[in-house]
Each structure stands twice: as structure tokens, then as C-alpha cells.
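Asks: After the sequence you'll find the predicted model.
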Amino acid sequence: MSDQAAFTLTIDQNKYLPLDGREVHAILTVGSTGGLTTQAVPAEAAEVIIVDTSGSMSGSKIREARQAAVTAVQTLRDGVYFSVVSGTGSAKVVYPSGRTLSLVQANPATRAEAAKAVDRLLSYGGTAMGEWLKLAGHLLSTRPQAIKHALLMTDGQNNERADVFASVLSAWSGKFVCDCLGIGADWAPAELRKVAEAMLGTFDYVRDQGDLPEYFRRLTQASMSKTVADLSLRVWVPQAARLMFVKQVDPVLLDLTGKRADVNPLTGDYPTGSWGAEERKYHICVEVPPGQIGQEIRAGWVKLVHPDTQDVLASGNVLAQWTDDLALSTQINGNVAHYTGQAELHDLIQDGLSARAMGDVETATARLAKARDLAGASGREDTAKLLDRVVEVDPATGTARLRKNVDKEDTIELDTGSVRTSRLRREES
Amino acid sequence: MTDPQTGQHDAPGAACPVCQASVLEGDVYCEACGHALGSPVCAFCDAAAVDPEGYCERCGLRQPTDRDHAEIVLVGGAAAVTDRGLRRSRNEDAMALLASGGATVTVVCDGVGSSPRADEASEVAVETAAAALARGLSSEEAFDLAGRAVSKLATSVHDAPACTYVSAVVEPGRVTLGWAGDSRAYWMPDGTPLTTDDAVPTGEITAWLGADAVGVTLNVRTFTPRGPGHLLVCSDGLWRYLDGYAFPRAGSPLDLAREMLRHALDSGGQDNVTIVVIPLGEAHE
Ligand SMILES: [Zn+2]
Ligand SMILES: [Zn+2]
């Protein structure tokens, strides 16, 4: 497979279980060289830029969105197949024009035409995000071999029925990756979180409009740098075991557990989307049947596969061994503990913010104060700073209380940023 | 089910042991999951599903290996047992016991836990030294050859597999012991130690075989058995449990070795256990 990127899969865990131990945790690190050195021709790429032009986007928001979309268009690499879609109560292709659904290859002329089309966008009408994603999906499907990506710019307000929206997401999940950008200070992260989770993408907020072009350039370049499409983590567990969860934990948290596609009764595929030269970490947890002292079990057999060709690009074993030696079984694996903490921090922030929004001051205070503690301890300085603006902890007494007059943008940034994780700091030796 | 035309039964085992999909006779791989059909049978769940790495593809359990537990018995009665113990994931002890001419030769090596691939070190040391002793080479020569073989396993001094060493050559009226490290020999049944460890008081050994061993020489002791009894050669997986232990007196050397193994496992089985029992001194009667 000389045209393939090289992949590595390493497993970090403490395999020793106490005699009554059932839960096996491991952090998988998957790395890719991106294949740029071995690949003569870069993989075909397809990109749909979706701009929310609904009525709620009027005024400065639509200007902001237009500027961002033009930047995205200008960042497209020559040869990338692309299109621009505007979204209201329905979805419309604004570039390229023409009757049939198709994408056009980027070059200086098509980029200039697309930018001109974006500049004419006005805001009006309703919001049906599912319709926009559906159209993007159909457009991307015209390039079946391509690495497919969409960028969605919106204020996050969706007027679709929740079940309709959910069914669109599940129908298109795994078919393309969609990154979302929140526009305006009053946008709602909840809907975009659903999109990012279903479509294996990110959702983000750029507070300073001046940073928008640069942020967008980064995002587009990241998606354009993908060279290997649609890989899955194929996880086998023993017949009597239970796979409790599969989560991406680095660079951002993404729970893949519900995205399982059964391969056989013992094995399931979990989509990971496209890959460039990058490294990601996954946390898996397996509940194994009770074992005997000294016995060793393969609790998980993990392979990175091309689900279409069944090619295995990398693989590794998650092991467990029962021991009555407490010195072995109580050893905490640094990475497992760190990413467990990062997931807990995410949950505390989410619970705390929604309790706060519902007026449950007691719960909000407790959760956010604990989050502040955890953020400080795990090297999340930015998150700690944002939490300090929402909750106040008396350093002497430890008493916490919610701050009054909190900037809405601070809570949005806290909300969207909670999926990001830090790396475990290496101990100084 | 019986086919009325041919009278043949649908083979009841014609299902993949891993995914349960039906497979055809003569298939090499399961069409559904790719499992290699005709794999070795799992010692725990009976599925023909043990993969080349030694794990069952159905229940996941690692299969016991030949090294996890092994016994050797010679025609003259000498016997040896080695066992993984209860706490270690593999057996890094290795043993040899063989008859050569009028002599009985045994070598026991214990892989040094802090070194890499210690199981390979002990295995190659035992094979090399036992072959040399059987050819009639001296204890020192056999030790030297074993040392070179173990050193060759290293890719650098920081990646140097290592093991301890004890050998015994039992000839009529004469026993020659050689050792380096903390594997031992005892006189049974009274339990008199016949070797002295190369170790500091805290237990760390000061002599071993391996590329990172410096200036190690073999301790050699030759003696004539004074009366009937047994020579016990063992790794620390047994002798750590010998304080105040009443050695067994009755039974064949294999019975004695098994009983001592049981004692080590009952006492915790912290380490790999290797026990060699060679009858001595009958000729004095
Ligand atoms: Zn099968
Ligand atoms: Zn099995």
C-alpha cells in the first residue's frame, strides 16, 4: 500500500486488575504521517461552505458571515471541488450557478466568482439547518472519491422540529465532516454541538471579529490537509465482555459510543472521519468477565481500518491481568487519569452552565467551582480564567458563589471550549 | 438435520467459532469475519479460536504456554518442575535436566525481572550450558559459553537481557555445583544450603549473566555426598518460602518437587518457581 499514509496505534494502560476488577481502561494514540511523502497525487477534496442567511442574521451578523465565507473561499487550494450554499427555511446553491447539482474546481477565476456571489447574500426568512446539511451532503456525494467537508456559519438558531433535524443528522452522519462556526455574540451552542457530534466536526466561536479570517484560514487548511478519507476504529471485545465506551479525547472530546456499526457480534466499527498528518487520542473502557489470579485476557483488539477495503492500517491489544498485588493493580495510569479528568471537567462545565441558565444556583455554584479547581490542576489556564469570570471562589474559605453581571460571550466561550482537552504534562525528570 | 437425498448431516460445528456465521467444509477463513478456521482450541472456552499471538478470539484469554508449567522426569528418578507462579504474567525461569553417560546434569536460570526479554536470556543460557555440560565440558566452560549466548541477545548495554545461573553435575560419589546470582542448591531432607548467594543484604544480586555483567566469575563447589538424600536445585520462587519449612521426606523426586511447588504456590506464588530434585548417595549403602 505505497499510496497510503503510515499510521501508528499505541496503547497506554495499566493492565493489572484487582481480583474483583472488571473495568479495563486504555488510551489509544493514533498517529498519521498524512501520506504526503509517499503520495504522488494528493487525494481529491470536496468542500461546501454553508452560510446562514436567515432573518436572525441581519445587520452586522450577515456582514461578519460574508467576510468569513469569502475568506474560506479564498483559502481553497487549487483543484478542490467546492460550492457555496445559503441557508434559510430551505437551502440554495449560490455558487456555482446551474441547474444540476455539481461542484466546481477552485482556481483564481472560480474563487473570484464565488466571492462575488457571497457578497450579494442578504438575510431573510426562516431557519432549517437540516435542509442545509442535506443539500451539502447531496453536493458532496457528486464526488464519491473525495475527502468531503462542509463549513457551517450560523448564529445557531434553528426553527426545525427536533426530530426532523435529528433524523437528517443520523442519515448523513459519517458521510462527510462538518465544522461549525458560531456567528454573533448571542448565538446558541446547543444545535451546533449536535451537528459537530454527529458529523465528527468541531464547533467554535471566534470572539474578536478581526480574528475571524485567520481562524477560518486555519480551519479550511486543516480540512484541506486531510489525505485519507473515512477510517474507522474497529474494536473487538471478548464474548462475555461489554464495551462501555469509545471516546475521542484529544484534541477534542467526541463520544463515539453511539456511532457503532456492528461488524459481527464481538466487533464494531466507530467512525473517525478523515485524516491528515496528525495525532488523536481515544479512551476506551471494557467491562471484562471475572477472572482468575494471574490470568491474562485480551480485553480489546483495536484496529484502524478502511471500512470499504477492510485494509488494516494499524492495530493493538488492550490487555488485562488479574493480580492480588495491590502495588500493581492500584497503579494509576497517568493518561487514563488525565483524560478521565478532562471528560469530568467538560461535564461539570456543561452541567454547571445549564443549571445556571435554569436558575439552580446551588448546583451551578458547586459544579462550576469544582470545574475551576480541576481546570487549574490540569493545565487548562484559559478555561480557568473564563470560569473565574463566572464563579468566585474565596481562596481562604473555599466558599464559592456565582458572579453577577457575567458577559454572555464569556459563557459561550466557556461552553464551546469545554470539549477541548489539554495534554498530560510530562513530569520533569 | 438430515438431508433425505444424501443422508448427510449438516455438520453441527459448521459455524464460525468467533462470529457464529455458518462456514463451509474446506473453508480456510470465515467469510463473515475473516477468522482462520481450524485454529488451535482454547483451553478455557473450547472454541477453535486461538490466534498466533496466543489469545482466544472468542473469550480473549491468553493460553497457557509450555513454559507456564512443565515437568521433566529422568529414568533414574531425577525430576524437575517449573511454574509461572501466581503473580507473574509469564515464566522467566528456565530449566534443563538430562542424563549424560553416568552423570545427571541440571541447569536452572532465573530471568532478571528488571531486564528486557529475561525469558529469552534464561532459555538460551540453560540450553547452551546444559549442552556443554553434557559434552563433558567443565562447569566454568559451560558458564562461559552460556554467558556469551546471553550477551548476544543484547542490542546495547541498556537493552541487555539477563539471568541468574546454577548448575549441578551429579556423578557417582561426586557433585559439582556452579552458580552466579541467587539461584540455589540445598541438601535434602535437612535443608542445608550448599550455595551462597551473590547478593547484597537487601537482596539485589551482584552477579548475573548478560551483556551488562562486569567481572562475574562462577562460584564452584565440589563435594561427596555423605549419605542418602536428595540434591535440590531451585530458583528464588521456592527458596523465599523455605524459612522454617519442613522438607518433604516421602515419595519419588517428582512427588517431592510437586509438593514443594504446591508449598510455594500456597505461600503466595509471588515469583516463577523452578525445582529440580536429584536422588543422591544410594551408592553408599
Ligand atoms: Zn466468523
Ligand atoms: Zn476461549
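Replies: On my side now, so go ahead. Numbering: from 1, shown residues only, chains lettered A, B, ... in the order given. Ligands and ions are numbered 1, 2, ... in the order given.

Asks: burial of A:N333, as a residue count?
Replies: 16 (other Cβ atoms under 10 Å in any protein chain shown). In short, each C-beta sits where N, CA and C put it, glycine included.

Asks: nearest spatial neighbour of it, skipping sequence neighbours?
Replies: A:N14 (4.4 Å; Cβ to Cβ, 6 or more residues apart in numbering or on different chains).

Asks: can you check A:V118 too?
Replies: Nearest to A:V118 is A:A69, by Cβ to Cβ, 6+ apart, at 4.7 Å.

Asks: again with A:R22
Replies: Leaving aside its chain neighbours, A:R22 sits nearest to A:E287 (5.1 Å; criterion: Cβ to Cβ, 6+ apart).

Asks: Tell me which helix or strand the closest residue to ligand 1 within the stretch 1-150 of chain A sits in.
Replies: Closest approach between the stretch 1-150 of chain A and ligand 1, counting by Cβ to the ion: A:L9, at 23.0 Å. Per DSSP states H and E, A:L9 falls inside strand A:7-12.

Asks: partners of that strand, with directions?
Replies: For strand A:7-12, the paired strands and their directions (DSSP bridges) are strand A:23-33 (antiparallel).

Asks: ok, and for the strand it pairs with, which residues are buried?
Replies: Buried residues in strand A:23-33, defined by neighbour count with 16 or more other Cβ atoms under 10 Å in any protein chain shown: A:V24, A:H25, A:A26, A:I27, A:L28, A:T29, A:V30, A:G31, A:S32, A:T33.

Asks: Need the worst-confidence member of the residues you listed.
Replies: Least confident entry in the buried residues of strand A:23-33, by pLDDT: A:T33, with 81.

Asks: which one's the longest helix in the chain?
Replies: Here I'm looking at chain A. Using DSSP state H, we find that the single longest helix of chain A is helix A:334-357.

Asks: Let me rephrase: I mean chain B.
Replies: Chain B, longest helix under DSSP H: helix B:118-134.

Asks: Now do the SS call for the residue nearest the centre of chain B.
Replies: Geometric centre of chain B, nearest residue: B:A94, 3.6 Å, by Cα atoms, centre = their mean. Under DSSP: H, G, I helix; E, B strand; the rest coil, B:A94 falls in the strand class.

Asks: Over to A:N158?
Replies: Classified using three-state DSSP, A:N158 is coil.

Asks: Now the residue in the stretch 51-200 of chain B positioned nearest to chain A: closest residue in space that isn't a chain neighbour?
Replies: When scored by Cβ to the nearest Cβ, the stretch 51-200 of chain B has B:G60 as its residue closest to chain A, at 3.3 Å. The shortest distance from B:G60 to any non-neighbouring residue, by Cβ to Cβ, 6+ apart, is to A:P238 (3.3 Å).

Asks: Check which residues of the strand or helix carrying A:A375 are buried.
Replies: Assigned by DSSP H and E, A:A375 falls within helix A:361-377. Across helix A:361-377, burial judged by 16+ other Cβ under 10 Å covers A:364-376.

Asks: Do you have the strands of chain B handy? List them.
Replies: Assignment of strands within chain B using DSSP state E yields the ranges B:69-73, B:79-83, B:93-100, B:103-110, B:162-163, B:165-171, B:174-180, B:184-188, B:192-193, B:209-210, B:219-223, B:229-234, B:273-280.

Asks: Count the residues that sit near the spatially closest residue to B:G34 that is not a sequence neighbour.
Replies: Closest residue to B:G34 apart from its sequence neighbours, by Cβ to Cβ, 6+ apart: A:Q310 at 7.7 Å. Neighbours of A:Q310 under the rule other Cβ under 10 Å: 11.

Asks: Return the distance of A:Q310 relative to ligand 1.
Replies: Separation of A:Q310 from ligand 1 (Cβ to the ion, to the nearest Å) stands at 13 Å.

Asks: Against ligand 2, how distant is that residue?
Replies: For A:Q310, the distance to ligand 2 equals 24 Å [Cβ to the ion].

Asks: What strand or helix carries that residue?
Replies: Using DSSP H and E, no helix or strand contains A:Q310.

Asks: do the one 10 residues further on as well
Replies: Taking DSSP H and E as the definition, A:A320 sits inside strand A:312-322.

Asks: what are the bridge partners for the residue nearest to A:R22, then?
Replies: Bridge pairing for A:E287 (DSSP bridges) gives the partners A:E23, A:R242.

Asks: Burial check on it, number of neighbours?
Replies: 14.

Asks: For it, give me its contacts.
Replies: A:R22, A:E23, A:V24, A:A241, A:R242, A:M244 (Cβ atoms under 8 Å, 6 or more residues apart in numbering or on different chains).

Asks: Just give me the closest of those to ligand 2.
Replies: So of these, ranked by how close each gets to ligand 2 (Cβ to the ion), first place is A:A241, at 12.0 Å.

Asks: Need the pLDDT of that closest one.
Replies: You'll see A:A241 listed with a pLDDT of 96.

Asks: swap in B:H35?
Replies: pLDDT, read off for B:H35, is 85.

Asks: still on that earlier bit, could you identify the helix or strand that succeeds the strand holding A:A320?
Replies: Next along from strand A:312-322, by DSSP H and E: helix A:326-329.

Asks: where does the chain have low pLDDT?
Replies: Using chain A here. A:1-4, A:35-42, A:209, A:212, A:425-429 (pLDDT under 70).

Asks: wait, I meant chain B there
Replies: B:1-13, B:282-285.

Asks: Enumerate the residues of it near chain A.
Replies: Contact residues (Cβ under 8 Å from any Cβ of the partner chain) of chain B with chain A: B:18-21, B:32-34, B:45, B:53, B:55-62, B:84-89, B:269.

Asks: returning to that earlier point: show me what the helix or strand following the strand holding A:L9 pairs with in its sheet, parallel or antiparallel.
Replies: Following strand A:7-12 in sequence order, the next helix or strand is strand A:16-17 (DSSP H and E). Applying DSSP bridges, strand A:16-17 is found paired with strand A:312-322 (parallel).

Asks: buried ones in the partner strand?
Replies: A:L313, A:A314, A:G316, A:N317, A:V318, A:L319, A:A320, A:Q321, A:W322.

Asks: Please identify which of those residues is nearest to ligand 1.
Replies: A:N317 (19.4 Å).

Asks: which residues touch the closest one?
Replies: Contacts of A:N317 (Cβ under 8 Å, 6+ apart): A:I11, A:R298, A:G300, A:W301, A:V302, B:E53, B:Y55.

Asks: do the same with B:D197
Replies: So B:D197 contacts B:G181, B:D182, B:R184, B:I205 (Cβ under 8 Å, 6+ apart).

Asks: For B:A47, see how far away it is.
Replies: From B:D197 across to B:A47, the span is 46 Å (Cβ to Cβ, to the nearest Å).

Asks: what is the closest residue to B:V170 other than its chain neighbours paired to in the beta sheet?
Replies: Spatial nearest neighbour of B:V170, excluding adjacent residues (Cβ to Cβ, 6+ apart): B:T104 at 4.4 Å. Using DSSP bridges, the bridge partners assigned to B:T104 are B:A99, B:V170.

Asks: what about B:T104, how many neighbours?
Replies: Per other Cβ under 10 Å, the neighbour tally for B:T104 reads 23.

Asks: A:R193 now?
Replies: By other Cβ under 10 Å, the residues close to A:R193 number 18.

Asks: Next up, identify which helix or strand it is on.
Replies: helix A:189-198.

Asks: Return the distance of the next helix or strand after that helix from the chain's centre.
Replies: Per DSSP H and E, the first helix or strand lying C-terminal to helix A:189-198 is strand A:203-205. Averaging C-alpha positions (Cα atoms, centre = their mean, to the nearest Å) puts strand A:203-205 10 Å from its chain's average.

Asks: What pairs with strand A:203-205, parallel or antiparallel?
Replies: strand A:177-182 (parallel).

Asks: returning to that earlier point: tell me who's in contact with the residue nearest to A:N333.
Replies: A:L328, A:S329, A:Q331, A:I332, A:N333, A:V336.

Asks: do you know how far it is from A:L253?
Replies: Applying Cβ to Cβ, the value for A:N14 to A:L253 is 22 Å.

Asks: Thanks a lot, catch you later.
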